[in-house]
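Visitor: Okay, structure incoming, though there's no sequence with it:
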């Protein structure tokens, strides 16, 4: 038995809704993977440099040379606009750019923001 146009349209509407739901789920999963990777990077950086308190983590965040990091990332083929915005876990927009500009190449606690040498070597 053949289906009527109305029945086929109803099936199509149901399939289209399923497709949209699947696309939303895939987009949400991809966003969560990115958030998890950023979180992992932050933990790795803090652990690698021995930041064990909130104050030390905030000092480290301010001390990171974002211009140098953007140049490196652009050279690797990512972040071509040099500015990154992301969505946090609660859906709000997070702007990772900063106006912090160290005047002498050193951030708080004497952390060099211009050297590419490994700390302590």
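Guide: Sure thing, it's come through. For clarity, every value in this text was computed on a predicted model and none was experimentally measured. Numbering: from 1, shown residues only.
Visitor: The protein: strands as residue ranges?
Guide: Using DSSP state E, the strands assigned to the chain run over residues 85-87, 93-95.
Visitor: Please work out the average pLDDT along the last one.
Guide: Looking at strand 93-95 alone, the average pLDDT works out to 47.
Visitor: how deep is residue 27 tucked in, by neighbour count?
Guide: 10 (other Cβ atoms under 10 Å). C-beta: built from backbone N, CA, C; applies to glycine.
Visitor: hang on, I meant residue 41
Guide: 10.
Visitor: ok, now how distant is it from residue 25?
Guide: Separation of residue 41 from residue 25 (Cβ to Cβ, to the nearest Å): 25 Å.
Visitor: low-scoring stretches of the chain, by residue?
Guide: Along the chain, the parts satisfying pLDDT under 70 run over 78-121.
Visitor: Where is the longest helix in it?
Guide: Secondary structure of the chain per DSSP state H: the longest helix is helix 5-48.
Visitor: Give me the packing partners of that helix, helices and strands only.
Guide: helix 54-63, strand 85-87 (3 or more Cβ pairs under 8 Å, 6 or more residues apart in numbering; DSSP states H and E).
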